[in-house]
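**Q** Structure for the following, please:
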Amino acid sequence: MNTETAPLYSPAPDWSGRNDGPGPEHARWHSVIEPIAQDSPAGVALLGFASDEGVERNGGRQGAAAGPAALREALGGLAIQDELALFDAGTITTQETDLEGAHEELSSRVATLIDAGHLTIILGGGHETAFGSHRGLFRSLGPAQIINLDAHFDLRSENRPTSGTPFLQISQLVGKKDFDYSVLGISQPNNTATLFETANELGVHITLDEDLAEMSVKEAAQLARVLVQNSPHERVHLSIDMDVLPAHQAPGVSAPAALGVSFDRIRAIAVAIAATGKLALVDVVEINPRFDQDNRTAKLGARLINDIAVAHVLSTSAT
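**A** The predicted structure follows:
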């Protein structure tokens, strides 16, 4: 991927979407969201991470760097019924092959946003996003629970970071004692015995895609609530790899799933976690607009972001 002309960091872009008239009764994301500022009140902050480098290193198909723009476009026209303080913190773009430099910029900006009290939502980018974002959370608040909705463990051991290594990197960052990692949606045929062994050694909670398929939507949400309740950590990092969804629902991803977990279950899990009031960080990654159909995958990602934001704000305002 050639990003020679792209800045490492760019400020919030202009948002657009359907306009039905003035006033809060016609509010949509594009009419409410504001560029982040130092004096912005605590709210929901979006930060783009436009990166394909980790996917390329991992042998995946290119295009995830366009994910942040696709998600913003899909979010722009969504209507808002609840009072939300929404902010756009701009986008970090990986320069040529310098993923490590982009990760450092991401970690720094995430830490700043979390220090300011924002629920920080990262618009990926490949799943390499998760290491840079979690490191920022760790710098701000210390160890946190990680719940990853994903068909893959992303616990690969490589000689450099890729989209397949972020959670092993995080385990090395925080230490095995504080590494509290759950993966919901694992596809057994798409993860080697070595990866299952690594997950076992690190004490990872695993729920297979086929097991989630047998659960009702309410049971899937209850599973998420129990995981949060049983964690020793007070804050949660929710990472959503859109390839956890079936390929017919989410065709625009780096690695389409043959089985996958249906959107209603993934949404129920995400909203249940947000409703605990413990959510600090969210990644939505691996959207690849190059292979999407009618922006289907981006629209599902946008719906998840919207519903997570609403559930989080309602949970925190109730307390």
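**Q** what stretches of the protein score poorly on pLDDT?
**A** Confidence mapping of the chain against pLDDT under 70 gives the ranges 1-6, 319.
**Q** three-state assignment of the residue nearest the centre of it?
**A** Centroid check for the chain by C-alpha atoms, centre = their mean gives Asp283 as the closest residue, at 1.5 Å. With DSSP: H, G, I helix; E, B strand; the rest coil as the basis, Asp283 sits in strand.
**Q** Who are the contact partners of it?
**A** Applying C-beta atoms under 8 Å, 6 or more residues apart in numbering, we find Asp283 in contact with 121-122, 124, 127, 129-130, 133, 237-240. From N, CA and C alone the C-beta is placed, and that goes for glycine too.
**Q** Swap in 7 Å and give it another go.
**A** With contact taken as C-beta atoms under 7 Å, 6 or more residues apart in numbering, Asp283 is in contact with 122, 124, 129-130, 133, 239-240.
**Q** now swap in Asn306 and tell me
**A** Asn306 neighbours (C-beta under 7 Å, 6+ apart): 75, 78.
**Q** likewise Pro232?
**A** Per C-beta under 7 Å, 6+ apart, neighbours of Pro232: Asp180.
**Q** In three-state terms, label it for me.
**A** coil.
**Q** Please report how far it lies from Pro189.
**A** Pro232 is 33 Å from Pro189, where distance means C-beta to C-beta, to the nearest Å.
**Q** what pairs with the residue nearest to the centre of the chain across the strands?
**A** Bridge pairing for Asp283 (DSSP bridges) gives the partners Ile122, Ser239.
**Q** how near is it to Gln229?
**A** Distance of Asp283 to Gln229, given as C-beta to C-beta: 22 Å.
**Q** Ok, Gln249 next?
**A** From Gln249 across to Gln229, the span is 29 Å (C-beta to C-beta).
**Q** So these two - more neighbours on which side?
**A** The neighbour comparison of Gln249 against Gln229 (other C-beta atoms under 10 Å) goes to Gln249, with 17 against 9.
**Q** Report the contact partners of the closest residue to the more buried one other than its chain neighbours.
**A** Closest residue to Gln249 apart from its sequence neighbours, by C-beta to C-beta, 6 or more residues apart in numbering: Phe263 at 5.5 Å. Contacts of Phe263 were listed using C-beta under 7 Å, 6+ apart, and they are 245, 249, 300.
**Q** so what's Asp115 closest to, chain neighbours aside?
**A** Nearest non-adjacent residue to Asp115, counting by C-beta to C-beta, 6+ apart: Ser140, 5.2 Å away.
**Q** What is the helix or strand where that neighbour lies packed up against?
**A** Assessed by DSSP states H and E, Ser140 sits inside helix 129-141. Here helix 129-141 touches helix 99-115, helix 166-174, strand 236-241, strand 279-285, going by 3 or more C-beta pairs under 7 Å, 6 or more residues apart in numbering; DSSP states H and E.
**Q** for the first one, the distance to its chain's centre please.
**A** Shown here is helix 99-115, whose average C-alpha point lies 15 Å from the average C-alpha point of the whole chain (C-alpha atoms, centre = their mean, to the nearest Å).
**Q** what does stretch 214-221 give?
**A** Computed by C-alpha atoms, centre = their mean, the chain-centroid distance of stretch 214-221 equals 21 Å.
**Q** Show me which residues of that stretch are buried.
**A** Within stretch 214-221, the residues that count as buried by 16 or more other C-beta atoms under 10 Å are 215, 220-221.
**Q** outside of that stretch, which residues touch it?
**A** Contact partners of stretch 214-221, identified using C-beta under 7 Å, 6+ apart, comprise 212, 264-265, 268-269, 272.
**Q** top of the residues you listed by neighbour count?
**A** Ile269 (29 neighbours).
**Q** What sits closest to that one if chain neighbours are left out?
**A** Spatial nearest neighbour of Ile269, excluding adjacent residues (C-beta to C-beta, 6+ apart): Ala224 at 4.4 Å.
**Q** now do His118
**A** On the basis of C-beta to C-beta, 6+ apart, the spatially nearest residue to His118 that is not a chain neighbour turns out to be Ala45, at 3.9 Å.
**Q** The strand or helix carrying the one you found pairs with which strands, and in what direction?
**A** Per DSSP H and E, Ala45 falls inside strand 44-50. If you go by DSSP bridges, strand 44-50 pairs up with strand 86-93 (parallel), strand 119-124 (parallel).
**Q** What count of nearby residues applies to the closest residue to Ile114 other than its chain neighbours?
**A** Spatial nearest neighbour of Ile114, excluding adjacent residues (C-beta to C-beta, 6+ apart): Ser140 at 4.1 Å. Applying other C-beta under 10 Å, we find 20 residues neighbouring Ser140.
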